[in-house]
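In: Sequence plus the predicted model coming up.
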Amino acid sequence: MSKDFEERLCKILPDIIKEFGTPFHIYDAAGIIKTGERIKKLMPDVKEYFAVKANPNLAVMQFMQGMEFGFDCSSIPELNLARFLESKPDDIMFSSNNTSLEEFNEALADGGCILNLDDISMVKKVPQMPELICFRYNPGKRRSEGSNFIIGEPTEQKYGVPHEKIVEAYKLAIERGAKRFGIHTMICSNQMDWRYLAETVKMLLEAIEMISSELNIEFEFLNMGGGIGTPYRPGQEDFNLSAMAIGINYSMADFAKRNGYRPKLFMESGRYMTGPHGVLVTRCINRMSKYFEIVGVDASGPSCLMRSCIYDSAYHHITVLGKDETNSPMEIVNVVGSLCENNDQFAKERYLPVVEGGDILLIHNTGAHGLTMGSNYNGRLKCQELMLCSDGFVKRIRRAETFKDYFATQRNCD
Ligand SMILES: *Cc1c(COP(=O)(O)O)cnc(C)c1O
């Protein structure tokens, strides 16, 4: 969460809470747009397809559309969100894996979209081979270091066509009528080293050269996927986007010199676009002293912020509204939700200003892979989402789930 967002938010937070109650995620429109504009400025030749799964809220997606970004979708509901916003076929990448026939049919309907196949077996399965086809490439042992704990090493990932099968995949697609080609990869997550991502583009360009020389085809685009990291800990350095842009530009120019053409470059950032521009606001409802000190809050991890429950090392910084080291004594606490699951803890052994019942806690960097990962396990319902608009106005962009929502799939509640 940027200092700027924090300052703007904290000034009006008591009023927001009075109007909407707690808990809620709130997103910073100005921050999201600033990040998008920065991508456009530093990488003017690159087209961003926002990874919808990171934050599938129409209000967030509309900002992406406003910047002429496309959408990376991997399920029918995500596809429907993009189409609800009247995205054009070229503005949707469909990157599903373990794909069903129903998903292919849906992807091909409505003017289609850019179809990204995850496996060689899918060539036969696609009901109709589109003219433009893309494969997700998995380099296997060629790239091992740096993929990180979220996604694992390429050889451990379920995604993509292995190096040894990639030429054959395009060959089969050509036999079924494909005439235009793209290549995609996504092998890292929350990667803070720009070199790894620049190297990924180079890797794709090398794959293109290899495939082209075997099959005598040209590629329209390469898609470097998502995976750009954002700092979660205070003091951690930002991802160096400008260095990555320079590195990528060098490889692209080199390719153009050798091959006489320059394919388009796509990327699919999720976390980088929205991660730092969201915060979960929650109230302390219980102070308890057990084998350790406990701050109980009115949000639960599994419903509102699953990341902190399933990834041991997923740190989310926490601040307390109106309290810090300069004006409050400090203590070491665990910050917990209400689920009957011991991993429903937003923070363990965290050094925080002394929190009392009623205090407001800000759990930072929840703008990507936040609420959307939540579940209703244990009857915990998902909280509301708010948007801090650029003009300072706050609006609700998703209501909290109700018992009726929870019940709706079991009984007809009408
Ligand atoms: C999740 C995902 C992304 C976005 O990942 P981030 O790490 O949030 O940038 C992009 N592309 C695909 C195919 C994904 O599955």
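Out: Everything's here; your move. Numbers count the residues shown, from 1 in each chain.

In: elements contacting the longest strand along the chain?
Out: The longest strand of the chain (DSSP state E) is strand 278-289. Under the contact criterion of 3 or more CB pairs under 8 Å, 6 or more residues apart in numbering; DSSP states H and E, strand 278-289 touches helix 3-20, strand 24-28, strand 293-297, strand 360-364. In short, each C-beta sits where N, CA and C put it, glycine included.

In: try 6 Å
Out: Applying 3 or more CB pairs under 6 Å, 6 or more residues apart in numbering; DSSP states H and E, one finds that strand 278-289 contacts strand 24-28, strand 293-297, strand 360-364.

In: Beta-bridge partners for whichever residue of the stretch 51-200 of the chain sits closest to the ligand, please?
Out: Proximity of the stretch 51-200 of the chain to the ligand (CB to the nearest ligand atom) peaks at Ala51, 3.3 Å away. For Ala51, the beta-bridge partners are Asp72 (DSSP bridges).

In: near the ligand, which residues of this structure show up?
Out: Residues of the chain found near the ligand (CB under 6 Å from any ligand atom) are 51, 53-54, 72, 74, 95, 186, 189, 225-228, 268-272, 368.

In: tell me the strands in the stretch 101-250 of the chain, going along the chain?
Out: Assigned by DSSP state E, counting those that start in this stretch, the strands in the stretch 101-250 of the chain fall at 114-117, 132-138, 161-162, 180-184, 221-223.

In: for the shortest one, the distance to its chain's centre please.
Out: In this case it means strand 161-162. For strand 161-162, the separation from the chain centroid amounts to 23 Å (computed by CA atoms, centre = their mean, to the nearest Å).

In: re earlier: quick one: closest of the strands of the stretch 101-250 of the chain to Ala314.
Out: For these, proximity to Ala314 was assessed by CB to CB; strand 132-138 is nearest, at 24.4 Å.

In: and Gly392, how many neighbours does it have?
Out: Applying other CB atoms under 10 Å, we find 11 residues neighbouring Gly392.

In: That one - that's part of a strand, no?
Out: No - going by DSSP: H, G, I helix; E, B strand; the rest coil, the assignment for Gly392 is coil, not a strand.

In: Now it: phi and psi?
Out: Main-chain dihedrals, Gly392, degrees, to the nearest 10: phi 90, psi -10.

In: so what's it up against?
Out: If you count contacts by CB atoms under 6 Å, 6 or more residues apart in numbering, Gly392 has none.

In: And the residue of the stretch 251-400 of the chain closest to the ligand?
Out: Gly270 (2.7 Å).

In: hang on, that residue packs against Pro56?
Out: No - using CB atoms under 6 Å, Gly270 makes no contact with Pro56, being 10.1 Å away.

In: what's the least confident helix or strand in the protein, going by average pLDDT?
Out: Using mean pLDDT, DSSP states H and E, helix 307-310 stands out as the lowest-scoring helix or strand of the chain, at a mean of 86.

In: And for that one, what's in contact with it?
Out: 301-302, 314, 316, 343, 346, 369.

In: can you do 7 Å?
Out: Defining contact as CB atoms under 7 Å, 6 or more residues apart in numbering, one finds that helix 307-310 is touched by 301-302, 314, 316, 343-344, 346, 369, 373.

In: How about that helix, which residues are buried there?
Out: Neighbour-count burial for helix 307-310 flags 307-309 (criterion: 16 or more other CB atoms under 10 Å).

In: cool, and stretch 28-36?
Out: Those would be 28-33, 35-36, for stretch 28-36 by 16+ other CB under 10 Å.

In: shaky segments in the stretch 201-350 of the chain?
Out: For the stretch 201-350 of the chain, no stretch has pLDDT under 70.

In: Do you have the helices of it handy? List them.
Out: 241-259, 271-274, 301-304, 307-310 (DSSP state H, counting those that start in this stretch).

In: any chance of the ones you listed in JSON lines, with distance to Met288 too?
Out: Listed next are the helices of the stretch 201-350 of the chain as JSON lines, based on distance: least, CB to CB, whole Å:
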{"stretch": "helix 241-259", "distance to Met288": "43"}
{"stretch": "helix 271-274", "distance to Met288": "33"}
{"stretch": "helix 301-304", "distance to Met288": "17"}
{"stretch": "helix 307-310", "distance to Met288": "19"}
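
In: Quick one, which of the ones you listed gets closest to Leu108.
Out: Taking CB to CB, helix 271-274 is the member of these nearest to Leu108, at 27.4 Å.

In: Of the helices of the stretch 201-350 of the chain, which is nearest Cys113?
Out: Nearest of the helices of the stretch 201-350 of the chain (CB to CB): helix 271-274, 19.7 Å.

In: got a list of contacts for that closest one?
Out: Contacts of helix 271-274 (CB under 7 Å, 6+ apart): 27, 32, 35-36, 50, 54-55, 60, 190, 226, 228, 230, 239, 367-369.

In: How about the backbone phi and psi for the closest residue to Glu331 other than its chain neighbours?
Out: The shortest distance from Glu331 to any non-neighbouring residue, by CB to CB, 6 or more residues apart in numbering, is to Val354 (5.2 Å). Phi and psi for Val354, reported as degrees, to the nearest 10, are phi -60, psi 120.

In: residue contacts, Val354?
Out: Counted by CB under 7 Å, 6+ apart, Val354 has contacts 328-329, 331.

In: Among those residues, name the buried ones.
Out: Of those, not one counts as buried by 16+ other CB under 10 Å.

In: Which of those residues fall within strands?
Out: Glu331.

In: on that earlier part again, looking at Gly270 and Pro56, which has the bigger crowd around it?
Out: It is Gly270, of Gly270 and Pro56, that has more neighbours when counted by other CB under 10 Å, with 24 against 20.

In: circling back to that earlier point, tell me the one of the buried residues of stretch 28-36 nearest the ligand?
Out: Nearest member of the buried residues of stretch 28-36 to the ligand, counting by CB to the nearest ligand atom, is Thr35, at 12.0 Å.

In: How about that closest one, nearest residue that isn't a chain neighbour?
Out: Nearest to Thr35 is Met273, by CB to CB, 6+ apart, at 5.8 Å.
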